[in-house]
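Novice: need coordinates for the below:
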Amino acid sequence: MKNDLHLATKFLYHPIKGRYVVLDQIDTFLKTFHSAFKIKEIGKSELGKTISSITFGQGKTKILIWSQMHGNESTSTKGLIDFLNYCRIEPSFYSFIKEKFMVCVIPMLNPDGAELYTRENANKVDLNRDALECTQKESLILRQLVNEFQPDYCFNMHDQRTIFGLIETQKPATMSFLTAAFDETRTFNETRVKAANIINGIVKNLSNYIPGQIGRFDDSFNLNCTGDYFTSIGIPTILFEAGHFQDDYERDEVRKYVFISLLSAFYSINENDIATSVLENYLNIFQNNKCFVDIIFKNVKIFENNVEKNINFAVQYSEFLRGNKIDFEAVIYQIVSETELFGHQVYDGKGELFDSIYGKFPKIGEKANFHIGNREFVNGKLVG
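Specialist: Numbers count the residues shown, from 1 in each chain. Here you go, the predicted model:
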């Protein structure tokens, strides 16, 4: 598997890139498949957009994958598209999948939310908190497909924010995984162990590419969550969470690690090698934490109540849909201690004075436009 990053780059589907991924792009991609890939309309969204599945393979093991149930989480969708592109183009890999697996994919479960660039659907419902009651059309579509397809494994594809990282390595959680709990005890039954075993296989391979940047997602139980619900009815369900990679705010590098994760999952399932230390290996994956911010400014001189002191403060990006593009707007987030948070980027203020149009103290919620000494920062970035 040493060439997996090469494959992820080679089969990257270039027409789909950036953070804003919508249904028209998915539909255009689906038209490129040959007849061995069965594309089917499986329902309509709350606003009447078509939700499609793509099914292929004749193997024994059934894998169901869905992505972008949160409309503003497009990174895993891009990695999934690249994986499907590999299946479509490379005959030897397609033959492997065809022989060993039957795969059903919903590339975009929440097309309304994708167009609006919101986590929720058109009715402002989080589909990942609607698994039990199925109040929304999109939730019903997924439930019905699970009942019809009867998968052996489910892959639940998501993104996580830049705030997630690993305290132990002081690195971002570029990819994180979870075998969801089946009840409030969060114990490991056979269903969870099966999923944990596959995650271990993914992490083992992925560690060759992003060591110290792979996390284990929190397994707090909520039966309304999709993974928890499906695990509770006996289907091993793996949560994939695509996070931050250095300077990759468009997440067109991270998508490559989603591709490698999917590839690793299929190989791991096919090998069916149940290790004796499954739980030990799984629980040894560092748990991701909300321990990062986008930018930290340290050792900055300020005046507060006419008293001079040095502080550290954090800046965080907010995302806004403008036209067909996502803009990142940096705002002052909080005053932080030396060890409280890590920054994806760190500036040393060198004891120089903070100054802005509103004063000589960073104000929470203000845009990150200011001077530190002679240096000017606009939208959190050093100018010149």
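Novice: three-state assignment of the closest residue to residue 222 other than its chain neighbours?
Specialist: What sits nearest to residue 222 in space, not counting adjacent residues and going by CB to CB, 6 or more residues apart in numbering, is residue 228, at 5.7 Å. For every residue, glycine as well, the C-beta is placed using N, CA and C. At residue 228 the chain is in helix, as set by DSSP: H, G, I helix; E, B strand; the rest coil.
Novice: neighbours around residue 228, how many?
Specialist: The local packing of residue 228 (other CB atoms under 10 Å) involves 25 other residues.
Novice: and the residue nearest the centre of the chain, bridged to which residues?
Specialist: The structure's the chain has its C-alpha centroid closest to residue 159; by CA atoms, centre = their mean the separation is 1.9 Å. Applying DSSP bridges to residue 159 gives these bridge partners: residue 242.
Novice: pLDDT at it, what is it?
Specialist: As predicted, residue 159 sits at a pLDDT of 98.
Novice: ok, it to residue 275 distance?
Specialist: For residue 159, the distance to residue 275 (CB to CB, to the nearest Å) stands at 29 Å.
Novice: ditto for residue 5
Specialist: For residue 5, the distance to residue 275 - CB to CB - is 25 Å.
Novice: between those two, tell me which one has more neighbours.
Specialist: Between residue 5 and residue 275, counted using other CB under 10 Å, residue 5 has the larger neighbour count: 16 against 13.
Novice: before we move on, the earlier item: contacts only, for the residue nearest to residue 222.
Specialist: 131, 180-182, 221-222 (CB atoms under 8 Å, 6 or more residues apart in numbering).
Novice: out of those, which end up buried?
Specialist: 131, 180-182, 222 (16 or more other CB atoms under 10 Å).
Novice: among those residues, which lie within helices?
Specialist: Using DSSP state H, no member of these falls in helices.
Novice: just curious, which of these is nearest to residue 109?
Specialist: residue 131 (11.9 Å; CB to CB).
Novice: can you tell me the element residue 66 falls in?
Specialist: Secondary structure assigned from DSSP states H and E places residue 66 in strand 61-67.
Novice: partners of that strand in the sheet?
Specialist: In the sheet, strand 61-67 lines up with strand 101-106 (parallel), strand 153-159 (parallel) (DSSP bridges).
Novice: now for the closest residue to residue 25 other than its chain neighbours: which residues touch it?
Specialist: Counting by CB to CB, 6+ apart, the nearest residue to residue 25 once its immediate chain neighbours are dropped is residue 16, at 5.0 Å. Contacts for residue 16 (CB under 8 Å, 6+ apart) come out as 25-26, 29, 77-78, 81.
Novice: columns distance to residue 94 and neighbour count on top of those, output as a markdown table?
Specialist: Formatted as a markdown table, the contacts of residue 16 follow (distance: CB to CB, whole Å; neighbours: other CB atoms under 10 Å):
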| residue | distance to residue 94 | neighbour count |
| --- | --- | --- |
| 25 | 23 | 21 |
| 26 | 20 | 23 |
| 29 | 16 | 18 |
| 77 | 21 | 26 |
| 78 | 20 | 29 |
| 81 | 16 | 28 |
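Novice: just send the residues you listed back as CSV, with secondary structure too.
Specialist: What follows is the contacts of residue 16, written out as CSV (three-state DSSP):
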residue, secondary structure
25, helix
26, helix
29, helix
77, helix
78, helix
81, helix
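Novice: so which of the residues you listed is the closest to residue 313?
Specialist: Among those, and counting by CB to CB, the member closest to residue 313 is residue 78, at 33.0 Å.
Novice: burial of residue 264, as a residue count?
Specialist: 21.
Novice: did I read that right, it in a helix?
Specialist: Yes - Residue 264 forms part of a helix when assessed by three-state DSSP.
Novice: how about the helices in the chain?
Specialist: Here the chain has its helices, by DSSP H, at 4-10, 23-30, 75-89, 91-100, 111-116, 137-149, 190-206, 226-232, 254-271, 278-283.
Novice: residue 68 is nearest to which of these?
Specialist: With CB to CB as the yardstick, what comes closest out of the helices of the chain is helix 75-89 (4.7 Å).
Novice: from the chain's centroid, how far away is the closest one?
Specialist: Centroid displacement of helix 75-89 relative to its chain, using CA atoms, centre = their mean, to the nearest Å, is 15 Å.
Novice: stretch 167-187 now?
Specialist: Put simply, stretch 167-187 sits 13 Å off its chain's centre (CA atoms, centre = their mean).
Novice: now stretch 285-298
Specialist: Using CA atoms, centre = their mean, the offset of stretch 285-298 from its chain centre is 16 Å.
Novice: quick revisit: include distance to residue 311 when you put the strands paired with strand 61-67 into TSV, please.
Specialist: Compiled in TSV, the strands paired with strand 61-67 are given as follows (distance: least, CB to CB, whole Å):
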stretch	distance to residue 311
strand 101-106	48
strand 153-159	32
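Novice: measure the residue of the chain most remote from its centre to residue 297 for me?
Specialist: Farthest-out residue of the chain from its mean C-alpha position, per CA atoms, centre = their mean: residue 306, at 45.1 Å. As judged by CB to CB, residue 306 and residue 297 stand 22 Å apart.
Novice: cool, residue 100 as well?
Specialist: 52 Å.
Novice: repeat that for residue 58.
Specialist: In terms of CB to CB, residue 58 sits 57 Å off from residue 297.
Novice: please name the residues that touch residue 174.
Specialist: Counting by CB under 8 Å, 6+ apart, residue 174 has contacts 210, 213-214, 242-245, 254, 257.
Novice: any chance of those in TSV, plus distance to residue 383 and pLDDT?
Specialist: Listed next are these as TSV, based on distance: CB to CB, whole Å; pLDDT from 0 to 100:
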residue	distance to residue 383	pLDDT
210	31	98
213	30	98
214	35	98
242	31	98
243	28	98
244	24	98
245	25	98
254	27	98
257	32	98
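Novice: re the thing from before, from the contacts of residue 228, pick the one nearest residue 374.
Specialist: Nearest member of the contacts of residue 228 to residue 374, counting by CB to CB, is residue 222, at 50.9 Å.
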